[in-house]
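Chemist: got a predicted model here, sequence first, then my questions.
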Number of protein chains: 8
Amino acid sequence: MPKVVVVMGSKSDNEIIKPTMEILENLGIDHEVKIISAHRTPEKARQFGLSAKNNGVEVIIAAAGCAAHLPGVLASWTTIPVIGVPISVNELNGVDALYSMSQMPAGIPVATVAIGSAGAKNAAYLAAEILGLKYDAIRQAYENYRQQLNQA
Amino acid sequence: MPKVVVVMGSKSDNEIIKPTMEILENLGIDHEVKIISAHRTPEKARQFGLSAKNNGVEVIIAAAGCAAHLPGVLASWTTIPVIGVPISVNELNGVDALYSMSQMPAGIPVATVAIGSAGAKNAAYLAAEILGLKYDAIRQAYENYRQQLNQA
Amino acid sequence: MPKVVVVMGSKSDNEIIKPTMEILENLGIDHEVKIISAHRTPEKARQFGLSAKNNGVEVIIAAAGCAAHLPGVLASWTTIPVIGVPISVNELNGVDALYSMSQMPAGIPVATVAIGSAGAKNAAYLAAEILGLKYDAIRQAYENYRQQLNQA
Amino acid sequence: MPKVVVVMGSKSDNEIIKPTMEILENLGIDHEVKIISAHRTPEKARQFGLSAKNNGVEVIIAAAGCAAHLPGVLASWTTIPVIGVPISVNELNGVDALYSMSQMPAGIPVATVAIGSAGAKNAAYLAAEILGLKYDAIRQAYENYRQQLNQA
Amino acid sequence: MPKVVVVMGSKSDNEIIKPTMEILENLGIDHEVKIISAHRTPEKARQFGLSAKNNGVEVIIAAAGCAAHLPGVLASWTTIPVIGVPISVNELNGVDALYSMSQMPAGIPVATVAIGSAGAKNAAYLAAEILGLKYDAIRQAYENYRQQLNQA
Amino acid sequence: MPKVVVVMGSKSDNEIIKPTMEILENLGIDHEVKIISAHRTPEKARQFGLSAKNNGVEVIIAAAGCAAHLPGVLASWTTIPVIGVPISVNELNGVDALYSMSQMPAGIPVATVAIGSAGAKNAAYLAAEILGLKYDAIRQAYENYRQQLNQA
Amino acid sequence: MPKVVVVMGSKSDNEIIKPTMEILENLGIDHEVKIISAHRTPEKARQFGLSAKNNGVEVIIAAAGCAAHLPGVLASWTTIPVIGVPISVNELNGVDALYSMSQMPAGIPVATVAIGSAGAKNAAYLAAEILGLKYDAIRQAYENYRQQLNQA
Amino acid sequence: MPKVVVVMGSKSDNEIIKPTMEILENLGIDHEVKIISAHRTPEKARQFGLSAKNNGVEVIIAAAGCAAHLPGVLASWTTIPVIGVPISVNELNGVDALYSMSQMPAGIPVATVAIGSAGAKNAAYLAAEILGLKYDAIRQAYENYRQQLNQA
């Protein structure tokens, strides 16, 4: 399995997750998308979480709206870093998802990024920062990106 | 197992759940308390959820604060009604828990009641209304309570 | 009268309540729609509430926006379970309705579900969970639905 | 019956309503306190609302916390002005009550004032402004108060 | 001058205030519209406020968005009832206006109604309830309206 | 009159405004405190606003809670800069005051700083930055302060 | 360099800043636009901040959305007044930006104005009020504008 | 320098950061505390950020309240992961800090955890998850902790 798995609750979240994939691609980070619902398919979430590390996954990115338990549930089944992207799919504009991801209880962290589009991008950059501690090529690719930002 | 199981995330929530127990007691509803964390003990949550119905549980009441995934996670593992009591344990005053419980995605409902003390009581009364559809003694006990309210 | 009555404050809420009806239909649950305003037609609300149980109603689903007193007012006149669906009909995006339904005082619970579309569906599923405790056919229909979710 | 009736949901709200009474007293406005719960004693609320005008009541002041349906429910049973005082009795600091009172649907207004102490006082002053249109003594008393404010 | 003056901060609020005028018209209440800004034309606000009562005005309805000081400023210059209609004209959806109107300090009340369309209508109905205490024709017209609501 | 006048709505806000005075003192800025209520003493507010510039006032600092119209009302009567300090005096924790000050309509700005203690201090520092453009001694004093911060 | 520099985080904020420029133009205030990101180009932000005063800049206006650190970061590098315009570029409607600008810690103030369009205009008017203390022509131009408002 | 540096804006945040240090200690992760203010000591923040990676720092944890720019400012100067802990130090209960940290613009992520105590702990656990990808001893220590949680 690739280093990063991007999980979303349903196919309808695909558009939101597109820039995440493109950035991972551009930075040369192996990745894959999975559709898993924390509530509708809890056993699938559990199996994925329990086996992720042994399958070589190093970072999980989970995008979810509403109650948005997905990253927290995956985090409960694994010990690798889980990045949560709160998305706005209802009347509460993603505030429900932001609270549900960031306010995790002590012991099981979720690394929460911004609601929506900025968060979808930053999840990929955060994954690059994390993997860059271990993989020089990823670190170099991310530093190149940051230098370009600086010169833009 | 009793008809109602009241689940809380940690022993420190005990004070909040006390009136729930007293009301169930007063209405003659068999009940039991369990400490299960959706995130710290996910396998325990799963086992409890998967076996609840076969063990004779008919209603689950789950009190939780912070991200408050507990009732939603239990609901994902069972098909009996789950009542969620959002509690205030941090700076967000329970709004995080209220959003996290009520905003469940389509398919897996949580019956959410008020934040804190009023909710802890109403969870028991809602359980009585639900069980009262099936058990005459419970219905009668709850109707007596409501008549007393009316005359108070 | 049918087992479930779905009440809305005005005809303009019809679109919101459509999926509720479809799900009840699919699960084989007898149901009916009524238009009752807690404030404009309080006597109609009272009559419906007072007679619901004797007419064979077992669960009330009430959708309302703004101050959204409808489920709470119906709950004050009956002892059967009332499920509240907060809907967004103004500038506050349904937060006013969510607060007004979930924050009921001790003694008179409303089982609150999500704002808007997800809530309209979950109200029907919650009714199925409640009635499923008593009626095997409903329980079976809901469990089938949940299994399909799991395999999707 | 007196011109103004101050209604509160439970005895525990007494402290909040004290300044309301004192101001009505100081301005020479006949008044009385009643304890009525919109949800626990709906028939009492209805009887009071339906008979208020014929009993000579001209303004109702209703203080309530939580879902705070009290002023709206009373307004549904009468056509005299109802002033709502949202009070803070739980984790939401009275925002739930403010929304529940002010966001009444078209047709049945509630005149909402500030949350808590300032609102409890302003409910009395607003009653004075309303009654002052009809009763010279009340108008005069309120204008004296306002002049004193100006000179303070 | 007419019994009710409806004040708005700028011509662009005209659409919001239309139903207010129509309802006053239908209930036979003399009325007039004025454009006054609390901040851009403070002297005009002062002159209007100071002279309103002597000019025969009995109720002021003030609609405003943003900081929405208009009803509070008018209330500071007069002792007749001021009804505030918070309107949504920016990113805060009228919550800023709702807070700014309802949270008036002790001594100078504003009778706040709902944000936007429901509030624009209820301001007229509340004026009818207030004036109905003194004028039988207005009371009768409003009671007819309420009876029609009840039978709808 | 001094260069800076610090206005508060009531004596009870004195504690909040103390650090403002101390900082102005330390930076050698002439200043004075006044108690003026936008609503209870509107004529006093108007007289102060209209005459401030001619009396040599160059910056007004206004601290207020609740509806917190004070800085906006003063700004409507003058063309010198008005700095608003939202303070928390009720259940809304100063959010009402923050909205009421910052959301001023186009044409009449209020320079809003933080709620409470940080804002009370920053109002003085902002006054120093503004006056420092014109008065070298004030600029120098403020720059000294900033250098000390840097070395702390 | 001109007296006022208007800084925005990215070109996409250009539309928001247009009225700011027009008002500065109309009031005869020298100005210039710069694109600087607090996070993507921190060194550019630092250089601009450190040199602004020596280059003759007297007021900085910074518009930013999201975390909106731009005005605070510029303020950390300079001692001239920084005006912050919170803008709405995501799901939180500018509330995130409003909080991030107004809630600056003691010592480093940002003069915060309204979210979005009203704020973009008021930033220019506030700059005029500040510069008007020192430059008669600017004071006169702003006073003319205010008189026109008054007569409109 | 140690692998993890915990930065706080002022000494007064020390109590909040204590559990972070204890957990890092217990998990055998080299660490150090620094006091840096994003606004009061921006040059110190810049120097620390620019040199962190070369000094061997692999993860930065930054706790801050109010506008809480600290983690975002540090992230702008470095390419190693920055974890933000929003803390409640004023009337907004940490919501201002949560928004200011999580809503970072695309390109410069901050890994945000819960407000206050739970976040202070989870920042350390998240650092362990990140470093555990590279260092077996840290991974093992964290997995032991998680197993203990599971058995508690």
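Modeler: Yes, it's here.

Chemist: tell me the SS of the residue nearest the centre of chain A?
Modeler: Central residue of chain A (CA atoms, centre = their mean): A:I61, 1.5 Å from the mean position. Assigned with DSSP: H, G, I helix; E, B strand; the rest coil, A:I61 falls in the strand class.

Chemist: correct me, but it touches A:P2?
Modeler: No - between A:I61 and A:P2 there is no contact under CB atoms under 8 Å: 11.5 Å. In short, each C-beta sits where N, CA and C put it, glycine included.

Chemist: low-confidence ranges in chain A?
Modeler: For chain A, the stretches with pLDDT under 70 are A:1, A:152.

Chemist: find the closest residue to chain E in it.
Modeler: A:N93 (10.4 Å; CB to the nearest CB).

Chemist: what's the neighbour count on that residue?
Modeler: When neighbours are counted by other CB atoms under 10 Å in any protein chain shown, A:N93 registers 20.

Chemist: quick check: it is in a strand.
Modeler: No - with three-state DSSP as the criterion, A:N93 is assigned coil and is not in a strand.

Chemist: can you map out the helices along chain A?
Modeler: A:14-26, A:42-52, A:70-76, A:95-102, A:117-132, A:136-151 (DSSP state H).

Chemist: C:Y99: which of those helices is closest?
Modeler: helix A:95-102 (13.6 Å; CB to CB).

Chemist: on that earlier part again, for chain C, find the nearest of the helices of chain A.
Modeler: Of the helices of chain A, nearest to chain C by CB to the nearest CB is helix A:42-52, at 6.9 Å.

Chemist: for that closest one, packing partners?
Modeler: strand A:4-8, helix A:70-76, helix B:42-52 (3 or more CB pairs under 8 Å, 6 or more residues apart in numbering or on different chains; DSSP states H and E).

Chemist: how far off helix A:14-26 does the first one point, in degrees?
Modeler: Same thing as strand A:4-8. 170 degrees (axes from the mean of the first three to the mean of the last three CA atoms, to 10 degrees).

Chemist: partner strands of strand A:4-8 and their direction?
Modeler: strand A:31-35 (parallel), strand A:59-64 (parallel) (DSSP bridges).

Chemist: let's have those in CSV, adding distance to G:A120.
Modeler: Below are the strands paired with strand A:4-8 laid out as CSV (distance: least, CB to CB, whole Å):
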stretch, distance to G:A120
strand A:31-35, 40
strand A:59-64, 33
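
Chemist: and among those, the most buried is which?
Modeler: strand A:59-64 (a mean of 29; mean count of other CB atoms under 10 Å in any protein chain shown).

Chemist: so who does A:N122 touch?
Modeler: A:113-114, H:104, H:106-109 (CB atoms under 8 Å, 6 or more residues apart in numbering or on different chains).

Chemist: surely A:P86 touches A:A97?
Modeler: Yes - A:P86 is within contact range of A:A97, at 3.4 Å (criterion: CB under 8 Å).

Chemist: between the two, which one's more packed in?
Modeler: Neighbour totals were compared for A:P86 and A:A97, and A:A97 leads with 34 against 29 (other CB under 10 Å).

Chemist: okay, now A:R139: neighbour count?
Modeler: 19.

Chemist: got a list of what the nearest residue to it once chain neighbours are set aside touches?
Modeler: Residue nearest to A:R139 in three dimensions, not counting chain neighbours: A:G132, with 3.3 Å by CB to CB, 6 or more residues apart in numbering or on different chains. A:G132 sits next to A:138-140, A:142-143, H:79-80 when contact means CB under 8 Å, 6+ apart.

Chemist: one more pass at 6 Å, please.
Modeler: With contact set as CB atoms under 6 Å, 6 or more residues apart in numbering or on different chains, A:G132 has these partners: A:138-139, A:142.

Chemist: write out the residues of chain A neighbouring chain B.
Modeler: Contacts of chain A with chain B, taken as CB under 6 Å from any CB of the partner chain, map to A:39-40, A:42, A:66-67, A:69, A:72, A:76-77, A:96, A:99-100, A:103-105, A:107-108.

Chemist: one more time with 8 Å
Modeler: Within reach of chain B by CB under 8 Å from any CB of the partner chain, chain A has these residues: A:9, A:37-40, A:42, A:46, A:65-69, A:72-73, A:75-77, A:90, A:92, A:95-96, A:99-105, A:107-108.

Chemist: which bits of chain A sit near chain G?
Modeler: Residues of chain A lying near chain G (CB under 8 Å from any CB): A:88, A:93-95, A:114-118, A:149-150, A:152.

Chemist: out of those, who's near chain C?
Modeler: Within the residues of chain A next to chain G, those near chain C by CB under 8 Å from any CB are A:N93.

Chemist: which among the residues of chain A next to chain G count as buried?
Modeler: A:88, A:93-95, A:114-118, A:149 (16 or more other CB atoms under 10 Å in any protein chain shown).

Chemist: which among the residues of chain A next to chain G gets closest to chain D?
Modeler: Distances from chain D to those, taken by CB to the nearest CB, are shortest for A:V95, at 14.3 Å.

Chemist: where does A:A67 fall, phi/psi-wise?
Modeler: The phi/psi pair for A:A67 (degrees, to the nearest 10) reads phi -60, psi -30.

Chemist: residues in contact with it?
Modeler: By CB under 8 Å, 6+ apart, the neighbours of A:A67 are A:39, A:96-97, A:100, B:69, B:72, B:99-105, C:114.

Chemist: turn those residues into CSV, including distance to chain D.
Modeler: Below are those laid out as CSV (distance: CB to the nearest CB, whole Å):
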residue, distance to chain D
A:H39, 26
A:D96, 16
A:A97, 20
A:S100, 17
B:H69, 19
B:G72, 20
B:Y99, 12
B:S100, 14
B:M101, 14
B:S102, 13
B:Q103, 16
B:M104, 20
B:P105, 24
C:A114, 17
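
Chemist: tell me which of those is nearest to B:E15?
Modeler: Using CB to CB, the contacts of A:A67 come closest to B:E15 at B:M101, 19.6 Å.

Chemist: and the closest residue to the closest one other than its chain neighbours, what does it touch?
Modeler: Among residues not flanking B:M101 along the chain, B:G84 sits closest, at 3.8 Å (CB to CB, 6+ apart). B:G84 makes contact with B:62-64, B:68, B:70-72, B:101-102, B:110-113, according to CB under 8 Å, 6+ apart.

Chemist: now A:A75
Modeler: A:49, A:82, A:104, A:108-110, B:39.
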